[in-house]
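Student: sequence below, structure please.
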Amino acid sequence: MDKNTITGLVLIFLIFIAFSIYNSSRLNKSYEKIIEVADSLYARGDMENARAEYINALRFKPNKPEVVAKVNEINQILGFAPRPVEQDTTSKTQIPGSELLPAKDTATAEISLGAFSDAMKGSDDLITLENDKIELKISPKGGRVYSVRLKEYRTWDKRDLVLFSGDSTVFGFNFFTLDNRAIQTNNLYFTPVDERKNISVSSQPESVTLRLKAGEEGFIEYKYTLAPGKYSVDFMIAFRSLENVIASNQKSLTLDWRMYIPQQEQGRQNEENYTTIKFKYYQDDVDGLRLRSTKELEKTDITTKLSWVAFQDQFFSSVLISNEFFLNGSVTSTRTVNSPKYLRYFTAELGVPFDPATESNLSLKLYYGPNHISTLRKEGLELEKLVFLGKNIIGWINRFVIIPIFNWLEKYIGSYGIIILILTIIIKIVLLPLTFKSYQSQAKMLVLKPLVDELGKKFPRKEDAMKKQQATMDLYKRAGVNPMGGCLPMLLQMPILFAMFRFFPVSIELRQEAFLWAKDLSTYDSILTLPFKIPIYGDHVSLFTLLMTASTLITMKMTGSTGSSDQPGMKMMTYMMPVMFMLILNNFSSGLTYYYFLANILTYIQNIISKRFIDASKVLATLEENKKKPLKKSKWQQRLEEAARQRGINPPKR
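Tutor: Below you'll find the predicted structure:
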């Protein structure tokens with residue numbers, strides 16, 4: 001390793017240190033700025049917004065005692081019962097934002113909620129509504145879906161796959177009554193209309209209806225309807241006789257939805273990369289928070305109408321859909337770095353149309369299911385875009401080429417490892433007309449490599465680099481070789497490689513599918529667990545990643561892509577690239593690294609076959625014959641030499 005390489009590595013290390021210091025300073029400034037705003041709102045008496053800002057501050061610095069105390073104080077002022085700080089029993093660390101979850105003692109708190117006072121107490125008996133796909137537990141408290149279990153799936157460690165459960169979620173309306181009472185329906189008790197506690201859907205849709213009493217005649221009604229074979233639930237909300245409860249000039253209500261996203265897969269890092277919030281603008285495109293974000297807190301305020309909002313992880317989503325539209329919204333995503341159980345904490349506050357003077361209805365739908373393209377497409381409203389397959393040409397290749405071929409192979413082949421192998425072969429065959437010319441160009445350049453190395457010895461000094469380059473180009477031209485001839489075909493293959501990079505990590509078909517030593521093609525294949533964690537690389541050894549790296553180096557060596565012996569720095573950098581990819585992809589889907597390994601092996605075979613079409617003696621004979629002829633200069637070269645003469649520089653003689 002030469003001096004320049006060592007200097008480069010030291011600089012990279014220093015940059016990492018500087019970035020860490022900068023990032024810490026930035027977080028402190030963001031925290032202080034939010035606290036300043038929150039204190040100002042508190043001083044003005046704007047408790048609702050002050051509470052929201054104090055909670056935002058906790059995203060940057062969880063466990064800050066004075067801020068938690070402030071939130072609890074405002075909860076008392078607004079009539080919310082304080083909630084004890086929730087502890088994760090595994091790690092004994094506070095879960096950020098836990099003070100937002102519904103208070104366990106709200107129903108017994110010594111407060112009055114006016115027309116809703118009778119709803120402060122009730123039954124905690126859960127109601128089960130299930131079909132062949134999902135099982136919903138519905139709680140009278142809040143009238144909300146308490147938990148959702150997907151029957152056809154399991155977690156990586158073989159537990160029931162539950163999207164959310166218990167107090168890890170909030171769902172309800174927040175508003176003020178005419179007598180200025182702060183109401184959170186999530187904390188109040190609904191009364192079931194039906195006495196049934198277990199409802200199984202088999203041949204026709206079944207419903208669960210609950211009502212939240214508001215005074216003598218008023219109520220809010222939730223009706224959940226589940227059909228056979230569906231992951232989606234029709235959710236009807238009715239507001240009746242609330243003109244004496246809610247101000248007549250209030251034309252919208254805030255629907256508050258919050259959820260902790262549990263870890264379901266073995267590779268936490270990979271799962272976090274695809275855990276995000278997405279939303280669809282009304283009659284417009286799908287948008288969302290940035291994937292692979294490392295920010296502690298992300299927040300987006302949406303001032304236009306929305307069709308749906310989704311809380312999604314790598315393979316599953318909970319989606320709130322309006323059959324009309326939401327007026328506006330605000331979403332936040334918080335990293336729960338201190339919790340081994342949860343990945344992120346998501347919140348969504350959505351404005352819904354409301355008119356207390358009339359019998360107002362709200363028609364929604366809840367989707368609880370897999371991020372499976374064909375399943376999502378059946379739900380409409382472009383829900384299939386929850387599966388991010390890349391933008392522009394990358395997404396086009398995945399949607400219209402890779403996925404159709406993959407689905408077709410899936411009909412006839414049971415092993416996904418074999419499907420990936422055949423898919424790789426098909427892609428290589430289709431690209432062969434493009435790549436064959438590239439392989440031929442590389443083979444000819446390998447024939448000329450000894451002559452190029454001789455030129456390196458002839459021009460050893462750095463100041464002779466221009467002469468060496470000119471002589472090398474002349475050599476290629478006399479031999480009838482275009483060194484750039486293979487570049488365009490190789491560039492045309494890049495979209496395929498990027499498409500695969502997007503396709504494999506989000507393909508639920510590969511989830512928990514074993515092949516050879518890989519127990520799950522959707523996550524890393526670990527053949528050895530390390531007793532320590534290596535930065536970037538992780539705490540395990542992935543064999544497919546090692547095979548991918550080794551095959552890449554062998555292919556590069558064969559094609560002469562590792563640089564020449566007189567450029568040790570360049571040669572070192574060329575070798576470092578596969579090693580860097582090994583570090584990064586060690587935690588990625590084993591299906592992806594298996595594909596790259598297969599692609600390298602097929603490239604190696606194609607190179608060997610291509611060499612058989614190249615006659616080395618013929619290439620050298622062409623070179624010797626052309627040496628006797630004067631080399632015709634291109635117009636571009638003539639202009640360069642003329643410009644050099646005008647500057648007093650003599651061009652190299654031939």
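
Student: make it CA atoms for all contacts and neighbour counts henceforth
Tutor: Will do.

Student: how near is the one residue sitting closest to the centre of the chain to Lys251?
Tutor: The centre of the chain sits closest to Tyr274, judged by Cα atoms, centre = their mean, with a distance of 2.2 Å. Tyr274 is 36 Å from Lys251, where distance means Cα to Cα, to the nearest Å.

Student: need the contact list for the closest residue to the residue nearest to the centre of the chain other than its chain neighbours.
Tutor: Of all residues not flanking Tyr274 in the chain, Gln314 sits nearest, at 4.8 Å (Cα to Cα, 6 or more residues apart in numbering). By Cα atoms under 8 Å, 6 or more residues apart in numbering, the contact set of Gln314 is 271-275, 371, 506.

Student: same question for Gln314, what's its three-state structure.
Tutor: Put simply, Gln314 is coil when judged by DSSP: H, G, I helix; E, B strand; the rest coil.

Student: what's the pLDDT at it?
Tutor: pLDDT recorded at Gln314 is 91.

Student: which element is the residue lying closest to Phe504 once chain neighbours are set aside on?
Tutor: Nearest residue to Phe504 in three dimensions, chain neighbours excluded: Leu592, at 5.6 Å (Cα to Cα, 6+ apart). Taking DSSP states H and E as the definition, Leu592 sits inside helix 590-611.

Student: what's that helix packed up against?
Tutor: Helix 590-611 is packed against helix 416-458, helix 543-559, with contacts defined by 3 or more Cα pairs under 8 Å, 6 or more residues apart in numbering; DSSP states H and E.

Student: average model confidence for the first one?
Tutor: What it means is helix 416-458. Mean pLDDT, helix 416-458: 77.

Student: got the contact list for the residue nearest to Phe504?
Tutor: By Cα under 8 Å, 6+ apart, the contact set of Leu592 is 500-501, 504-505.

Student: same check, this time on Ala599
Tutor: Counted by Cα under 8 Å, 6+ apart, Ala599 has contacts 424, 428.

Student: how close does it sit to Lys428?
Tutor: 8 Å.

Student: what sits against the residue nearest to the centre of the chain?
Tutor: Contacts for Tyr274 (Cα under 8 Å, 6+ apart) come out as 291-292, 312-314.

Student: low-confidence ranges in the stretch 301-450 of the chain?
Tutor: Applying pLDDT under 70 to the stretch 301-450 of the chain picks out residues 337-338, 436-449.

Student: any chance you could map the helices in it?
Tutor: Using DSSP state H, counting those that start in this stretch, the helices of the stretch 301-450 of the chain run over residues 373-379, 392-397, 403-412, 416-458.

Student: adding mean neighbour count and distance to Leu521, write those helices out as JSON lines.
Tutor: Putting the helices of the stretch 301-450 of the chain into JSON lines (neighbours: other Cα atoms under 10 Å; distance: least, Cα to Cα, whole Å) gives the following:
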{"stretch": "helix 373-379", "mean neighbour count": "15", "distance to Leu521": "18"}
{"stretch": "helix 392-397", "mean neighbour count": "16", "distance to Leu521": "21"}
{"stretch": "helix 403-412", "mean neighbour count": "14", "distance to Leu521": "15"}
{"stretch": "helix 416-458", "mean neighbour count": "17", "distance to Leu521": "8"}
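
Student: what's the closest of these to Met494?
Tutor: Met494 lies closest to helix 392-397 among these, at 9.6 Å (Cα to Cα).

Student: mind putting the helices and strands packed on helix 590-611 into JSON lines with distance to Glu410?
Tutor: Formatted as JSON lines, the helices and strands packed on helix 590-611 follow (distance: least, Cα to Cα, whole Å):
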{"stretch": "helix 416-458", "distance to Glu410": "7"}
{"stretch": "helix 543-559", "distance to Glu410": "22"}
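
Student: in the protein, what helix or strand scores lowest on average pLDDT?
Tutor: Ranked by mean pLDDT, DSSP states H and E, the weakest helix or strand in the chain is helix 616-627, scoring a mean of 58.

Student: can I assume Ala471 sits in a strand?
Tutor: No. Counting by three-state DSSP, Ala471 is not part of a strand but helix.

Student: which residues touch it?
Tutor: By Cα under 8 Å, 6+ apart, the residues touching Ala471 are Leu455.

Student: out of the contacts of Leu592, which end up buried?
Tutor: Buried by 16 or more other Cα atoms under 10 Å: 500-501, 504-505, out of these.

Student: in TSV: those, plus pLDDT, secondary structure and distance to Thr529.
Tutor: Listed next are the buried ones among the contacts of Leu592 as TSV, based on pLDDT from 0 to 100; DSSP: H, G, I helix; E, B strand; the rest coil; distance: Cα to Cα, whole Å:
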residue	pLDDT	secondary structure	distance to Thr529
Met500	88	helix	27
Phe501	87	helix	25
Phe504	88	helix	23
Pro505	87	helix	22
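
Student: and which of those residues is nearest Tyr342?
Tutor: Pro505 (19.9 Å).

Student: so what's the closest one closest to, chain neighbours aside?
Tutor: Distances taken as Cα to Cα, 6+ apart put Ser589 closest to Pro505, at 5.5 Å, once the chain neighbours are dropped.

Student: Tyr367 too?
Tutor: Distances taken as Cα to Cα, 6+ apart put Ser232 closest to Tyr367, at 4.2 Å, once the chain neighbours are dropped.

Student: roughly how far does the closest residue to Ser333 other than its chain neighbours sit from Thr375?
Tutor: Leaving aside its sequence neighbours, Ser333 sits nearest to Phe346 (Cα to Cα, 6+ apart; 4.7 Å). For Phe346, the distance to Thr375 equals 24 Å [Cα to Cα].

Student: ok, Ile403 next?
Tutor: Going from Ile403 to Thr375 by Cα to Cα gives 14 Å.

Student: again with Pro353
Tutor: For Pro353, the distance to Thr375 equals 30 Å [Cα to Cα].

Student: cool, and Arg211?
Tutor: 32 Å.

Student: could you do Leu451 as well?
Tutor: Counting by Cα to Cα, the gap from Leu451 to Thr375 is 60 Å.

Student: got it, and Leu350?
Tutor: 26 Å.

Student: do the same with Glu152
Tutor: Look at Glu152 and Thr375: by Cα to Cα, they are 14 Å apart.

Student: just Leu306 next, same as before
Tutor: 22 Å.

Student: now do the same end-to-end measure for stretch 197-206.
Tutor: Where stretch 197-206 begins and where it ends lie 13 Å apart, using Cα to Cα.

Student: scratch that, stretch 128-147 is what I was asking about
Tutor: Using Cα to Cα, the distance between the terminal residues of stretch 128-147 is 10 Å.

Student: before we move on, what about stretch 362-377?
Tutor: 23 Å.

Student: next: stretch 135-142.
Tutor: 18 Å.

Student: tell me how far it lies from the chain's centre.
Tutor: Its chain's C-alpha centre and that of stretch 135-142 lie 29 Å apart, by Cα atoms, centre = their mean, to the nearest Å.

Student: next one: stretch 588-604
Tutor: Taking Cα atoms, centre = their mean, one finds stretch 588-604 lying 22 Å from the centre of the chain it belongs to.

Student: now do it, average pLDDT.
Tutor: Stretch 588-604 carries an average pLDDT of 89.

Student: ok, now stretch 252-259?
Tutor: Here the average pLDDT along stretch 252-259 is 91.

Student: ok, and what's touching it?
Tutor: Stretch 252-259 is contacted from outside by 164, 168-175, 345-355, using Cα under 8 Å, 6+ apart.

Student: now, of these, which are buried?
Tutor: Buried subset of these (neighbour count, 16+ other Cα under 10 Å): 164, 168-173, 175, 345-355.

Student: in strands, which of these fall?
Tutor: Among the buried ones among the contacts of stretch 252-259, the members found in strands (DSSP state E) are 164, 169-173, 175, 345-353.

Student: is it true that Tyr231 touches Lys133?
Tutor: Yes. Tyr231 lies in contact with Lys133 (Cα atoms under 8 Å); the separation is 6.3 Å.
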